[in-house]
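> take this sequence and fold it.
(one chain, ligands or ions: 1)
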Amino acid sequence: PESCIQTPKKVGSPGELEEQVICLEPGASAWKLVHKKIQQLSDSDERDAFMVADLGVLAEQHRLFLKAMPRVAPFFAVKCNNSPSVLKVLSNLGTGFDCASRGELEQILSMGVAPTRIIYANPCKQISHIQYAASHGVQLMTFDSEEELAKVAKFHPTARLVLRLWTQDSKSLFPLSAKFGASLDYCGHLLNTAKDLGVTVVGICFHVGSGCQTPQSFGQAIADARHVFDLGLQIGHPMSLLDIGGGFPGKKNFEPVFEEMAAVINRALDQYFPEGSGVEIIAEPGRFYGAKVCTVALNVIGKKEVVEQGGRRLMYYVNDGIYTSFGLMLREKETRIPHVVKSFSCKPLLYPSTLWGPTCDAFDRLGPTDILLPELHVGDWLIFEDMGAYTHTLSSNFNGFTQPEMTFTTPSELQDLLNPLP
Ligand code: PLP
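Residues are numbered from 1 along each chain as shown. Presented below is the predicted three-dimensional model:
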């Protein structure tokens, strides 16, 4: 048989998602399963968009991460992909977790993950969320303002704080520095204030922006972190943690490649935080782990032809869009070209095409208006790869549409990674 279906595993919080994981026999793959499902759905009128996840990708990305940066412990950014199966596999692989809210803390703690494997990495937190962290033993938390220090001093005085630095991230796909990060010349004041309030700062963190395109941003940020580390030590804080954030590439063929980024990071770490310095180094990768995990298949539900002077332009209406899986597309510079699931007797002509999402909103468009595609018809299928990062976690039910149903697969040799934590 190509695959065997395991008993559904309940891996979320009580009452939450119950995910069915398909265990792939040798020779089977998530990609083949996508095509098989397309075939099955095409025999009916039920042609909903769907997503297939390959949990085996997580083990491979984890191996690559540790190989490229052996000194850095990954804390997966839950905001990137919060599927219980994904989180379960990662926790069994031994990653820590970066949580942004009480909801994410609850999800991770309910899996049995120790609070010491969590960093609450949101510099501006609601008081009740800080109280939740305090009462559940989550100690590591980030901050970048005096007001946050005052809240922590009052509601979580034993927290181990990590000061978030501002970074130059204007070339990243998702810049974050307009919102977060203390400037270098403000850090001394923050560290002194923490000391006065009796709050312990144990380290420095930064984020060079998600989808970072300039590896040197890491080099600069690590040099800055050293400077503030020394300041913290002088003021009397037990500085012992460096958190280099996220920003690592996730998609295939992304420039710069991960290894190039890792080389810049390793060089900077060796220079500013050399081995033996006693500093623990962590990162908060999201898309590096998540992106390649999921593939989305969607169906053409409508079509229009626009005849222009330059020739034909085709518009297709598909059943997944920016409000369900494709919100991230709004920030991407490169056009994602889907695989067209259709056979042609000879090389087909390509037409400038527009892919509209299913809602009544004209903002709901998958990429530019001139993607070159062969002619499609209502009922045809398209496949998008690298759809596991910031896809379903960004989705809404705007216009009554829901996120595509997900099917999870695992290579049979990795199915033990879905077991409950020991
Ligand atoms: N850490 C924090 C604080 C973030 O805000 C993000 C993304 O926005 C991440 C980690 C994950 O970033 P990436 O997916 O680029 O690795």
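> quick one: stretch 169-187 to chain centroid distance?
Distance of stretch 169-187 from its chain centroid, counting by Cα atoms, centre = their mean, to the nearest Å, is 19 Å.
> pLDDT on that stretch, on average?
For stretch 169-187, mean pLDDT is 91.
> what's the burial count for the closest residue to the ligand within the stretch 251-400 of the chain?
Closest to the ligand within the stretch 251-400 of the chain is G286: 2.6 Å, counting by Cβ to the nearest ligand atom. Using the backbone N, CA and C atoms, a C-beta is placed for each residue, glycine as well. Under the neighbour criterion other Cβ atoms under 10 Å, G286 is assigned a count of 24.
> tally up the residues packed near the closest residue to C205 other than its chain neighbours, please.
Take C205 and drop its neighbours on the chain: the residue closest to it by Cβ to Cβ, 6 or more residues apart in numbering is D243, 3.5 Å away. D243: 27 surrounding residues under other Cβ under 10 Å.
> again with the one 4 residues further on
A count of nearby residues for G247, using other Cβ under 10 Å, gives 31.
> and it, how far from the ligand?
According to Cβ to the nearest ligand atom, to the nearest Å, G247 and the ligand sit 5 Å apart.
> mind checking what secondary structure that residue has?
coil (DSSP: H, G, I helix; E, B strand; the rest coil).
> and for S217?
Put simply, S217 is helix when judged by three-state DSSP.
> then V201?
Under three-state DSSP, V201 falls in the strand class.
> over to V306?
Going by three-state DSSP: V306 is strand.
> quick one: contacts for it?
Counting by Cβ atoms under 8 Å, 6 or more residues apart in numbering, V306 touches R312, R313, L314, M315.
> ok, 6 Å please
Neighbouring residues of V306 by Cβ atoms under 6 Å, 6 or more residues apart in numbering: R313.
> again, but for F398
Y323, T359.
> that one and K303: what is the separation?
Distance of F398 to K303, computed by Cβ to Cβ, to the nearest Å: 23 Å.
> same deal with K125?
Going from K125 to K303 by Cβ to Cβ gives 48 Å.
> more neighbours: which of those two?
K125 (23 against 16).
> the more buried one in helix, strand or coil?
K125 - assigned by three-state DSSP - is coil.
> and the residue of the stretch 101-250 of the chain found nearest the ligand, its phi and psi?
Using Cβ to the nearest ligand atom, G246 is the residue of the stretch 101-250 of the chain that sits closest to the ligand, at 2.4 Å. Dihedral angles of G246 (phi, psi; degrees, to the nearest 10) stand at phi -110, psi -150.
> just checking, it touches E284?
Yes - here G246 lies in contact with E284, judged by Cβ atoms under 6 Å, at a distance of 4.7 Å.
> so what sits against both of these two?
Residues touching both G246 and E284 by Cβ under 6 Å, 6+ apart: A77.
> looking at those two, which is more packed in?
Using other Cβ under 10 Å as the criterion, G246 and E284 rank with G246 on top: 29 against 26.
> which positions in the stretch 51-200 of the chain make contact with the ligand?
Residues of the stretch 51-200 of the chain lying close to the ligand (Cβ under 6 Å from any ligand atom) are A77, C80, D98, A121, F174, L176.
> quick one, what contacts the first one?
Residues in contact with A77 (Cβ under 6 Å, 6+ apart) are D98, G246, E284, G286.
> please apply the same query to the third one.
With contacts taken as Cβ under 6 Å, 6+ apart, D98 has the following neighbours: F75, A77, I119, A121, E284.
> picking that back up, cross the residues of the stretch 51-200 of the chain next to the ligand against strands and list the overlap.
With strands taken from DSSP state E, the overlap with those comprises A77, D98.
> where does pLDDT dip in the chain?
Scanning the chain for pLDDT under 70 picks out 1-18.
> now do the helices in it.
Remark: helices assigned in the chain by DSSP state H are 30-42, 56-68, 84-93, 102-110, 127-135, 146-155, 184-197, 216-235, 258-272, 287-290.
> now the angle between helix 184-197 and the longest one, please.
Here helix 216-235 runs at 40 degrees with respect to helix 184-197, directions being taken by axes from the mean of the first three to the mean of the last three Cα atoms, to 10 degrees.
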